[in-house]
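Trainee: What would the 3D arrangement of this be:
(one chain, ligands or ions: 1)
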Amino acid sequence: MTTLIETRCKSFINRLNENLFTIRTYSIRLSGNPYAGCQFDCAYCYAPYVYRFNRNATPEEFGSKVFARVNAPQVLERELERGLSSGRLQREYVDLGTVTDAYQPAEARYGITRRCLEVFLRHEFPVTVLTKSTLVLRDLDLWQALAEKGLGVVGFTLTRPTTVPADVKNLLEPYSPGTGQLLDAIRTVVEAGIPTFVFVDPVVPFLTAEPALVQQLLAEIAATGNRKVFFGVLKLSPLTWSLFRRRLQEAQAPDLVSRFEELYIRRGVKEFGRSWVPPYEYREALYRLARDTCRELGIGFSCEGNFFHLWLDDWAEVEDPYRHPSGYNLWRAVRARRGEPVALAEVRARIADRFPVVSDQYFDTLESLWEAGKLFEEVQGVEFWRDDGRCGYVYTDGVSERRSEMSAPVPSTPLRTGPSLRSEQAPTEGEEDLPADEERVPAVAV
Ligand code: SF4
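Mentor: Alright, predicted model coming up:
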């Protein structure tokens with residue numbers, strides 16, 4: 001039973017801070033959330049982390065107390081009008097629903113997302129959504145109109161194949177539509193000519209990570225006509241783990257509690273200083289399986305974390321004036337000069353040429369990460385070099401060293417310790433009764 005509470009926001013569009021996490025992981029910087037809280041109430045959801053700043057609710061109420069920002073379309077209209085006319089805002093993707101699902105059941109009643117889409121279309125402003133709801137089909141006309149102008153992309157989250165038993169579905173995603181319904185929805189959106197991607201995240205160890213399940217899910221996705229898959233294993237921040245553990249206990253699965261603790265907390269690592277993930281070898285094997293399956297199916301594959309070497313195609317390299325470079329773009333720039341040190345100026349010129357929306361703040365942060373040797377921490381095959389005030393990266397994976405651009409660079413201090421730029425980020429937007437939403441835009445390039 002969900003309590004719906006109407007609320008009014010002062011601002012709608014958020015901008016993510018630039019840091020190692022965003023530069024390595026995201027290609028979208030703007031987000032807008034029509035709701036706070038989410039009726040789908042997935043057991044693994046990271047969004048209660050942001051919701052916890054809400055003065056009128058607790059993280060435990062994320063799925064049962066949903067705030068509808070009923071004036072969001074008007075606020076958005078004002079922000080786009082003023083931002084575009086003053087030049088403070090340029091056209092780049094806004095991700096609708098980064099800490100909520102913009103098409104959760106409440107949307108059928110309020111229509112906030114639909115009215116926001118109308119505003120985006122009127123202002124010809126690019127927008128994307130990531131949903132696990134079939135309600136997105138209600139707005140097919142608007143997504144089509146946006147797509148015809150190259151301004152709209154629809155993403156779906158799909159985490160389990162049709163054969164996963166009902167008790168697993170009820171444990172992980174008790175209130176979202178079934179996989180069969182979502183596959184039908186993806187097919188409809190693809191056939192409508194709207195660019196799509198599917199976010200297979202999180203894959204949950206012990207529950208949905210069996211090779212046969214992964215392979216079946218990817219085959220079912222490929223059969224819809226969707227060609228882009230992003231893949232990620234479950235991540236557990238301390239708050240997410242405490243909420244997830246409670247669900248496991250309620251499901252009378254104490255053995256799973258201890259297995260997750262073993263895999264994540266005892267054997268796993270804390271990624272970006274934020275969330276536990278399984279050990280590198282576990283993730284590598286899982287992603288390699290998914291990558292090989294996607295290759296057989298003829299669809300694109302990309303994945304989270306440090307595994308750029310497993311990405312299958314160049315879809316993140318697609319020219320798109322409305323997005324930022326992802327970590328993959330930066331990695332490719334270094335890999336392109338295989339065996340030779342690459343200086344920041346070269347990468348910077350490449351970015352400036354291909355991604356017109358990047359800000360001075362992006363470049364400033366990139367520069368500080370680059371010069372501190374942090375940009376490719378924990379990325380296989382990329383080494384940092386510093387010599388006499390000069391520094392750069394070299395892709396050394398399987399190639400002999402040739403150092404034509406820089407004179408005899410020497411390895412910096414070892415870079416294999418975990419990144420530590422930030423642990424968790426405070427909200428940035430002011431609202432009357434709700435704190436800002438922040439991260440996280442899924443790590444996909446649109
Ligand atoms: S649909 Fe998304 S936002 Fe909603 S509970 Fe699930 S993971 Fe969280």
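
Trainee: what's the burial count for the residue nearest to D41 when sequence neighbours are not counted?
Mentor: Leaving aside its chain neighbours, D41 sits nearest to G63 (2.7 Å; criterion: Cβ to Cβ, 6 or more residues apart in numbering). Every C-beta, even on glycine, is put in place using the N, C-alpha and C of the backbone. Using other Cβ atoms under 10 Å, G63 has 22 neighbouring residues.

Trainee: these two touch, right, G63 and G37?
Mentor: Yes. The pair G63 / G37 is scored as a contact, 6.8 Å apart, by Cβ atoms under 8 Å.

Trainee: how close does the closest residue to A57 other than its chain neighbours sit to the ligand?
Mentor: Spatially, and ignoring its direct neighbours in sequence, A57 is nearest to K65 (4.8 Å; Cβ to Cβ, 6+ apart). Taking Cβ to the nearest ligand atom, to the nearest Å as the measure, K65 falls 13 Å from the ligand.

Trainee: mind pulling up the phi and psi values for K65?
Mentor: When read as degrees, to the nearest 10, the backbone of K65 gives phi -130, psi 100.

Trainee: Report the beta-bridge partner residues of it.
Mentor: Note on K65: beta-bridge partners T3, judged by DSSP bridges.

Trainee: State the pLDDT value of it.
Mentor: The model reports K65 with a pLDDT of 95.

Trainee: Then T22?
Mentor: With respect to pLDDT, T22 has a value of 93.

Trainee: Which of the three states applies to it?
Mentor: helix (DSSP: H, G, I helix; E, B strand; the rest coil).

Trainee: Let me know how buried it is, in neighbour terms.
Mentor: 24.

Trainee: so it makes contact with L16?
Mentor: Yes. T22 lies in contact with L16 (Cβ under 8 Å); the separation is 5.1 Å.

Trainee: Contact partners for L172?
Mentor: Applying Cβ atoms under 8 Å, 6 or more residues apart in numbering to L172 gives the contacts 42-44, 159-160, 204, 207-208.

Trainee: now do 7 Å
Mentor: Taking Cβ atoms under 7 Å, 6 or more residues apart in numbering, we find L172 in contact with 42-44, 159, 204, 207.

Trainee: Please apply the same query to E371.
Mentor: E371 neighbours (Cβ under 7 Å, 6+ apart): C391.

Trainee: swap in L130?
Mentor: By Cβ under 7 Å, 6+ apart, the contact set of L130 is 95, 97, 155, 157, 199, 442.

Trainee: Which ones among these lie within strands?
Mentor: Mapping the contacts of L130 onto strands (DSSP state E) picks out 95, 155, 157, 199.

Trainee: wouldn't the first one be in contact with S31 here?
Mentor: Yes. Contact between D95 and S31 holds when scored by Cβ atoms under 7 Å: they sit 4.6 Å apart.

Trainee: residues from the stretch 1-150 of the chain in reach of the ligand?
Mentor: Taking Cβ under 6 Å from any ligand atom as the measure of proximity, the stretch 1-150 of the chain contacts the ligand at 38, 40-42, 45, 47, 100-101, 132.

Trainee: Taking the residues you listed together, which two end up most distant?
Mentor: Across these, the longest distance by Cβ to Cβ is 12.8 Å; it joins A47 and K132.

Trainee: Excluding sequence neighbours, find me the nearest residue to the residue in the stretch 201-350 of the chain that the ligand sits nearest to.
Mentor: Residue nearest to the ligand within the stretch 201-350 of the chain: P202 (8.7 Å; Cβ to the nearest ligand atom). Distance criterion Cβ to Cβ, 6+ apart; nearest residue to P202, sequence neighbours excluded, is L234 at 3.8 Å.

Trainee: surely E92 meets V357?
Mentor: Yes. The criterion here is Cβ under 7 Å, and E92 meets it with V357 at 4.1 Å.

Trainee: Out of these two, name the residue with the larger neighbour count.
Mentor: Of the pair E92 and V357, E92 is the one with more neighbours under other Cβ under 10 Å, namely 22 against 19.

Trainee: ok, back up a step: quick one: contacts for the residue nearest to P202?
Mentor: Counted by Cβ under 7 Å, 6+ apart, L234 has contacts 44, 202-205.

Trainee: List buried residues within those residues.
Mentor: Among these, those classed as buried by 16 or more other Cβ atoms under 10 Å are 44, 202-205.

Trainee: Among these, which are located in strands?
Mentor: Within these, residues falling in strands by DSSP E are 202-203.

Trainee: so where's this protein uncertain?
Mentor: Within the chain, the ranges that satisfy pLDDT under 70 run 313-319, 398-446.

Trainee: Next, please give the residue ranges for the strands of the stretch 1-150 of the chain.
Mentor: 3-7, 14-15, 30-32, 35-36, 65-69, 94-96, 127-131 (DSSP state E, counting those that start in this stretch).

Trainee: how far does the second one sit from the chain's center?
Mentor: Distance, stretch centre to chain centre, for strand 14-15: 15 Å (Cα atoms, centre = their mean, to the nearest Å).

Trainee: Adjacent strands (with direction) for it?
Mentor: Here, using DSSP bridges, strand 14-15 pairs with strand 30-32 (antiparallel).

Trainee: Now do the same contact list for Q215.
Mentor: T293.

Trainee: Now it, what are its backbone angles?
Mentor: Torsion angles at Q215 (phi, psi; degrees, to the nearest 10) stand at phi -60, psi -40.

Trainee: Next: G152.
Mentor: Per degrees, to the nearest 10, the backbone of G152 is at phi -130, psi 140.

Trainee: My read is that it contacts I194, right?
Mentor: Yes. Between G152 and I194 there is a contact under Cβ under 7 Å: 6.4 Å.
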